[in-house]
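**Student:** any chance you could fold what I've pasted below:
(one chain, ligands or ions: 1)
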Amino acid sequence: MEFALEARQLKKEYQDKLALKGLNLQIKPGEIFCLLGQNGAGKSTTINLFLGFITPTSGAAYINGLEVADHLLKVKEYLAYIPENVMLYPNLTGLENLALFSSLAGFEYDKEQLLFYLIEAGLPAEAASRKVGTYSKGMRQKVGIAIAVAKHAKVLLLDEPTSGLDPKASNEFSDLLLKLSSQGTAIFMATHDIFRAKEVGTRVGIMREGELVDVLGTAALDANELEKLYLNYMHN
Ligand SMILES: Nc1ncnc2c1ncn2[C@@H]1O[C@H](COP(=O)(O)OP(=O)(O)OP(=O)(O)O)[C@@H](O)[C@H]1O
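**Tutor:** From the prediction side, this is the model:
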C-alpha cells in the first residue's frame, strides 16, 4: 500500500544538534496523526522535512510514495501547509487570496466556486469580500483550509494550528479536520493541545529529543490517560 506520508530512518542534524534521530513513520490516507512533544522536540523539523523546506541529513521523507527531496515540485501539488499563522496577503480579500493561491496551484475558479470553498471552511459569507488584514486568526485558518480543499491536497501538514484560537474556533477547526479526513485527506499535525489531539487524532505520537518514543491509538484512551502518559514520558 502507498502511504500518504512516510518517513524512513529520517534524520536531521543542524550544525552540532541532532534534531531528528532516525524517524520511521507511516500514515495512511484519511488518517489524522497528531504529534505531541515539548519545545525543541523536533516537531517542526519533521514537518519541514515533509514540506521539503529543509533536506534530511540521511534517510528520506515520502509523500504519496514520492521521495520529497527528489520531487519537490510534484510533492507541492499534493501538500497543503497550515502553520500557526497562515500567511495571506492582508490587502487582498479572502476571495482574492483564495483565487490567487488556487491559481498558483493550477486551479482557476469563478467567484461562486471560491465563495463555496470559503463558506464550506466556515468563513462567514460577509467576510469573504473583506480584506484579510481585518480577519481574526481563526478566520485566517479557515482560509488556509479553503486553500487546501481548493487545491485538492492529499496531505495536510499543520504546525500548532490551534494555538491562540479560542475554544469555539478551535472546536470548529477540529470539525473541519475531521471532515477533510473523512474525504481521504491525510493529516499530520504538531500540537501542544493534548485534548484536541485525543479528540481529532486517529493516532498520537509522542516525540522527545528527536525521537518518537511512543505512538498510541486514540480510540482506547481518554484525554486524561493520554496526558498522564505524555507527562510520564517528559519526566523520565
Ligand atoms: N535552523 C536551525 N539551526 C540549528 N538548530 C535548529 C534549527 N532549527 C531547529 N533547531 C534545533 O533543533 C531542535 C528541534 O527543533 P524543532 O523546531 O524541530 O522543535 P519543535 O518540537 O518544533 O519545538 P516547538 O514546540 O518549540 O516548535 C531544537 O533543539 C532546535 O533548537
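**Student:** next, find the distance separating residue 134 from the ligand.
**Tutor:** 28 Å (Cβ to the nearest ligand atom, to the nearest Å). The C-beta positions use only the backbone N, C-alpha and C, and glycine is treated the same way.
**Student:** start the count at 40, not 1, going forward
**Tutor:** Fine by me, first position is 40 from now on; the one you just mentioned is residue 173.
**Student:** neighbours of that residue, how many?
**Tutor:** Using other Cβ atoms under 10 Å, residue 173 is surrounded by 11 other residues.
**Student:** ok, it - contacts?
**Tutor:** Not one residue lies near residue 173 by Cβ atoms under 8 Å, 6 or more residues apart in numbering.
**Student:** what sits against residue 209?
**Tutor:** Per Cβ under 8 Å, 6+ apart, neighbours of residue 209: 177, 201, 232, 235.
**Student:** by neighbour count, which of the residues you listed wins?
**Tutor:** Counting neighbours by other Cβ under 10 Å, the top entry in the contacts of residue 209 is residue 201, with 26 neighbours.
**Student:** identify the residue spatially nearest to that one, adjacent ones excluded.
**Tutor:** Leaving aside its chain neighbours, residue 201 sits nearest to residue 209 (4.5 Å; criterion: Cβ to Cβ, 6 or more residues apart in numbering).
**Student:** shouldn't the one you found be within a strand?
**Tutor:** No - assessed with DSSP: H, G, I helix; E, B strand; the rest coil, residue 209 is helix; it does not lie in a strand.
**Student:** how about the residues of this protein near the ligand?
**Tutor:** Counting by Cβ under 6 Å from any ligand atom, the positions of the chain adjacent to the ligand are 53, 54, 56, 58, 76, 78, 79, 80, 81, 82, 83, 84.
**Student:** one more time with 5 Å, if that's ok
**Tutor:** Residues of the chain lying close to the ligand (Cβ under 5 Å from any ligand atom) are 53, 56, 58, 78, 79, 80, 81, 82, 83, 84.
**Student:** now, these that are in helices?
**Tutor:** Applying DSSP state H to the residues of the chain next to the ligand, the entries found in helices are 82, 83, 84.
**Student:** export the residues you listed as TSV, with columns for pLDDT, neighbour count and distance to residue 272.
**Tutor:** Below are these laid out as TSV (pLDDT from 0 to 100; neighbours: other Cβ atoms under 10 Å; distance: Cβ to Cβ, whole Å):
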residue	pLDDT	neighbour count	distance to residue 272
82	96	24	14
83	96	20	19
84	97	23	18
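**Student:** for those, which one is nearest residue 70?
**Tutor:** residue 82 (17.3 Å; Cβ to Cβ).
**Student:** can you tell me which residues contact the closest residue to the closest one other than its chain neighbours?
**Tutor:** With sequence-adjacent residues excluded and distances taken as Cβ to Cβ, 6+ apart, residue 82 is closest to residue 229, at 3.7 Å. Counting by Cβ under 8 Å, 6+ apart, residue 229 makes contact with 73, 74, 76, 82, 83, 85, 86, 197, 198, 199.
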